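1. Fold the stuff below for me.
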Amino acid sequence: MDLGALTLSTFEPLVGDRFGVEGAPAAVELVLESATAVGEWPGGRDPFSLVFCGPGEPLLPQAIYALRHAGLGVLEIFLVPIGRDAPGVHYEAVFT
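-> I've put the predicted structure just below:
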């Protein structure tokens, strides 16, 4: 799927869905926690942020990952770890 065609409205109904991380050091699934607008961009798609939660281990370093979703297929998304708490590690992807 073309990442340029994805919008906030693509992901809003998927909050709570699982995304498998292909090529991770172990079987890792991330849950989409939020899909949020982060401003406006004249003449193009409005930027948005996705926050995922994964297990405490393994920690996925900042990188591009192939995320597999039942409805969207495989998306190559740049993820950045942004925090850790009791549920696990949180990762953010920002689309501009």
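2. Residue 38 is in contact with residue 94, isn't it?
-> Yes - at 6.8 Å, residue 38 counts as touching residue 94 under the criterion of C-beta atoms under 8 Å. Placement of C-beta: from N, CA and C, glycine included.
3. next structured bit after the lengthiest strand in the chain?
-> If you go by DSSP state E, the chain has its longest strand at strand 73-85. Later in the chain than strand 73-85, the nearest helix or strand by DSSP states H and E is strand 88-95.
4. That next one: which residues count as buried?
-> 88-93, 95 (16 or more other C-beta atoms under 10 Å).
5. can you pull the pLDDT of residue 22?
-> On pLDDT, residue 22 comes in at 93.
6. Residue 1 versus that one, what's the distance?
-> Plainly put, residue 22 is 14 Å away from residue 1 if you go by C-beta to C-beta, to the nearest Å.
7. Quickly list what's touching both of residue 38 and residue 94.
-> Shared contacts of residue 38 and residue 94 (C-beta atoms under 8 Å, 6 or more residues apart in numbering): 47-49.
8. Filter those down to the buried ones, ChimeraX style.
-> Burial among these is assessed by 16+ other C-beta under 10 Å; the matching ChimeraX selection reads:
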select :48,49
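9. Serialize the shared contacts of residue 38 and residue 94 to TSV and add fields for distance to residue 6.
-> Listed next are the shared contacts of residue 38 and residue 94 as TSV, based on distance: C-beta to C-beta, whole Å:
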residue	distance to residue 6
47	12
48	9
49	13
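10. Chain neighbours aside, what residue packs nearest to residue 19?
-> Using C-beta to C-beta, 6 or more residues apart in numbering and skipping the chain neighbours, the partner closest in space to residue 19 is residue 67 (4.2 Å).
11. try residue 4
-> Spatial nearest neighbour of residue 4, chain neighbours left out: residue 45 (7.7 Å); criterion: C-beta to C-beta, 6+ apart.
12. surely the one you found meets residue 3?
-> No - counting by C-beta under 8 Å, residue 45 stays clear of residue 3, with 10.4 Å between them.
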